[in-house]
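Student: Below is the sequence, then the predicted model.
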Amino acid sequence: MKGLKKSASKILNLLRIVFASKKTPIIFVLLKEPIFSIEKMYANNFTSMHNKTFTRYILAIATCWVLLLSNTLMAQDKAYAAKGKELYAQNCATCHKIHANATGPALKDVSQRRTEAWLIKWIRNSQSMIKSGDAIAVKLYNEWNQTAMNSFPDFSDQDIKNILAYIDEESKKEPVKATPTATQTGGTTAVAADSGYTNIILGALATILLVILAVLLVLTSLLTKLLKQRDDLDEADKEIVESKFDLAKILGSKAFIGTVAGIIFLVISKAGIDKVMDIGMQIGYAPTQPIPFSHKLHVGKYEIACQYCHTTVMKAKSASIPSANICMNCHNAIKTGSPNMQKIYSYIENNQPIPWVRVHNLPDLAYFNHSQHTVAGQIACEQCHGEVKEMEVIQQRSPLTMGWCIDCHRQTLVSYTTKDADGKDVLNPYYEKLLAFHKSKGKTKFKVEDIGGLECSKCHY
Ligand code: HEC
Ligand code: HEC
Ligand code: HEC
Ligand code: HEC
Ligand code: HEC
Ligand code: HEC
């Protein structure tokens, strides 16, 4: 404690002497010292200075050039990768992922396990390569159950190199955990605990603190040095100037140790709290599905209604996942040759359901009913599931925690109307009496919480 206090007061006192000394305003003298005054620098020891300054000047310019050059090179790589990204998205993403296996193998670091020439040949026409008996190609084909990859005979070498540049760039990145861009309405708090940003801010703060510390250290030693050369200081000032700036003492001081221990404690407990808050909360969970079924394509592009596949979502508790037969309504005619369809056919032949991986899953202790929300509550699917029609891979967008359910029940007004058979809004007979009763009391609006939406037994068995 003492060491720290002393050092801090030393800095302050030094500044006081510099700026507020009653005798000569030392600040003016200081400004004429070599480090501040270029004029004096030139006048005094130009020759010795010159060499050093010149070397530094050259070094600085060289560094700038190196930075600039590497930047341009990287920018060029980026440009290739950007072109590749589009081609990849249009032609490869249906079957490939970078970090995980899909219909085809994960492409992470593929340019390290194969040569460029091999890759170009393969991507342009993998089948002819397999037929020609290329050992790697044949082995790969068999490993992947002889699933045929599309050929891309129209791709130029540069096209393929661009795609590979994109794959290389993506390979360096961490697997993306889909970001929680939840479309949460009704004022439900966005639980976008973006610890990424917090970390960046914390890092920046730490850096700034370190820089300030360094500047202060340099300043003190500089001021001490300069002030030592002066002889018009009184005794008290001299003592301050001569007092040691003791780093070891600071590091050993209770205050310093306390602060560091405090910071470590905060960081650890924050990590702990983050972990606990994450339990049961899986925003962004988007598992790889056995068939790369795309909602974006089927709902976004072909505008198939949700209920066409999720047949019970308006009638029952569960929304239901479509059976392969529903797919066959269309796919016994559409895309019958595609490897994905072959997979579906084989599931049907073997009398197996398609093993879709479940995304949303409340614990057994909670009761949630779809029809209550979609029909009576008139809540749109998007409000809880996000922009499904834009999802290539379905993804959990809401936290599905008790707090999330309750927040919405606190904020959402009960809708008295419901849709009739023609899709017109009509008064929900279920609420007719309730509404009449409330009107007689002069209250015409009530929230879900007012009809018991916060009662434990409504949501818990
Ligand atoms: C119809 C699905 C499909 C599409 C579309 C597709 N691939 Fe493939 N790809 C596969 C399969 C399956 C394999 C595994 C080998 C096999 O069975 O033919 C594979 C293998 C590969 C390999 C070899 C991987 C390794 O480990 O050596 C590369 C590289 C590759 N694909 C790149 C691409 C690129 C680039 C595109 C887009 C231009 C693309 N693929 C489009 C299905 C596909
Ligand atoms: C052509 C059929 C089809 C249509 C139309 C469709 N879905 Fe799906 N949906 C599926 C299939 C198949 C799955 C399971 C595979 C998957 O998770 O991608 C699924 C899964 C889901 C899941 C995740 C289920 C889980 O495991 O938790 C949600 C949520 C969902 N769909 C919402 C919607 C919404 C909202 C719409 C309308 C905007 C819609 N779907 C339209 C076929 C369809
Ligand atoms: C109402 C018609 C319809 C239904 C039902 C339907 N699809 Fe599709 N599907 C399409 C259309 C149209 C395409 C686009 C075909 C194209 O790109 O030429 C498509 C494309 C696909 C593709 C990408 C094409 C490929 O070769 O891989 C997959 C995978 C797919 N559907 C899976 C499914 C699954 C699984 C189901 C059942 C859950 C399903 N579809 C139900 C109409 C339908
Ligand atoms: C009020 C919020 C909410 C709305 C609105 C909503 N869902 Fe859900 N959905 C959920 C919850 C919560 C689950 C998880 C249920 C479980 O695990 O029991 C779920 C699960 C699902 C599933 C997985 C299968 C199942 O039933 O567990 C599908 C598919 C689905 N929803 C589709 C839809 C569709 C389509 C709509 C619109 C017509 C819709 N949902 C509207 C909250 C909602
Ligand atoms: C986006 C808003 C919203 C979310 C999120 C939501 N609900 Fe609801 N919930 C409603 C509305 C609106 C009603 C009223 C429906 C009606 O008019 O009967 C309702 C009604 C209910 C009811 C019936 C209450 C009663 O008194 O009859 C239950 C049970 C319920 N919700 C459970 C849940 C559970 C469990 C969750 C979380 C997994 C959840 N809800 C998430 C909006 C929501
Ligand atoms: C609107 C629906 C709703 C209401 C009302 C509700 N809960 Fe829950 N509760 C849930 C859901 C959904 C979960 C599961 C969420 C999760 O796992 O994060 C849950 C989980 C829990 C859990 C387990 C927590 C855990 O981590 O395992 C307890 C305990 C609980 N609720 C108690 C209560 C009590 C007590 C009340 C009444 C004061 C109540 N709940 C009212 C929806 C509700």
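Tutor: Arrived safely, thanks for sending. Ligands and ions are numbered 1, 2, ... in the order given.

Student: For the protein, what lies in contact range of ligand 5?
Tutor: Residues of the chain lying near ligand 5 by Cβ under 6 Å from any ligand atom: 186, 362, 366, 368, 372-373, 376-377, 379, 383-384, 400, 404-405, 408-409, 412, 414-415, 448, 451-453, 458-459. Where you see a C-beta, it was placed from the backbone N, CA and C, and this is true even at glycine.

Student: Sitting in helices, which of those residues do you find?
Tutor: Q383, C384, W404, C405, C408, H409, K458, C459 (DSSP state H).

Student: re the thing from before, quick one, which of the residues of the chain next to ligand 5 are buried?
Tutor: 373, 377, 379, 383-384, 400, 404-405, 408-409, 412, 414, 448, 453, 459 (16 or more other Cβ atoms under 10 Å).

Student: Among those residues, which one sits closest to ligand 4?
Tutor: Nearest to ligand 4 among those is C384, at 3.0 Å by Cβ to the nearest ligand atom.

Student: Count the residues that sit near the closest residue in space to the closest one that isn't next to it in sequence.
Tutor: Closest residue in space to C384, ignoring its immediate chain neighbours: S398 at 5.3 Å, by Cβ to Cβ, 6 or more residues apart in numbering. Neighbour count for S398, taken as other Cβ atoms under 10 Å: 23.

Student: what number of residues lie near the residue lying closest to M149 once chain neighbours are set aside?
Tutor: Counting by Cβ to Cβ, 6+ apart, M149 lies nearest to S126, which is 4.7 Å off, once chain neighbours are set aside. Neighbour count of S126, defined by other Cβ under 10 Å: 20.

Student: So S126 is in contact with I136, correct?
Tutor: No: using Cβ atoms under 8 Å, S126 is not in contact with I136; the gap is 10.8 Å.

Student: Near ligand 4, which residues of the stretch 251-400 of the chain? Just list them.
Tutor: Close to ligand 4, as judged by Cβ under 6 Å from any ligand atom, the stretch 251-400 of the chain has residues 306, 310, 313, 318-319, 321, 360-362, 368, 370, 373-374, 379, 381, 383-385, 400.

Student: on that earlier part again, which one of the buried ones among the residues of the chain next to ligand 5 is nearest to ligand 2?
Tutor: Using Cβ to the nearest ligand atom, these come closest to ligand 2 at C384, 8.1 Å.

Student: Can I get stretch 346-354 in CSV, CA atoms only?
Tutor: The C-alpha trace of stretch 346-354 is given here as CSV (Å, rounded to 0.1, in the frame of the first residue of the first chain):
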residue,chain,number,x,y,z
SER,A,346,-33.6,-45.6,-49.3
TYR,A,347,-35.1,-44.5,-45.9
ILE,A,348,-38.5,-45.2,-47.3
GLU,A,349,-37.5,-48.5,-48.8
ASN,A,350,-36.1,-49.6,-45.5
ASN,A,351,-39.1,-48.3,-43.6
GLN,A,352,-37.0,-46.0,-41.6
PRO,A,353,-38.0,-42.4,-40.6
ILE,A,354,-35.6,-39.8,-41.7
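
Student: and of the ones in helices among the residues of the chain next to ligand 5, the nearest to Y166?
Tutor: C384 (34.2 Å; Cβ to Cβ).

Student: Could you check how far that closest one is from ligand 3?
Tutor: With distances taken as Cβ to the nearest ligand atom, to the nearest Å, C384 is found 21 Å from ligand 3.

Student: How about the contacts made by that residue?
Tutor: C384 makes contact with H373, R397, S398, according to Cβ atoms under 8 Å, 6 or more residues apart in numbering.

Student: With R124 instead?
Tutor: By Cβ under 8 Å, 6+ apart, the contact set of R124 is S151, F152, P153, F155, I160.

Student: The fourth one: neighbour count?
Tutor: F155 has 18 neighbours, counted by other Cβ under 10 Å.

Student: pretty sure it contacts I123?
Tutor: Yes: counting by Cβ under 8 Å, F155 touches I123, with 6.7 Å between them.

Student: hey, what's in contact with both of those two?
Tutor: Between them, F155 and I123 share the contacting residues I163, judged by Cβ under 8 Å, 6+ apart.

Student: residue of the stretch 301-450 of the chain with the smallest distance to ligand 1?
Tutor: Closest point on the stretch 301-450 of the chain to ligand 1, by Cβ to the nearest ligand atom, is P339, at 5.3 Å.

Student: I'm done for today, thanks for sticking with me.
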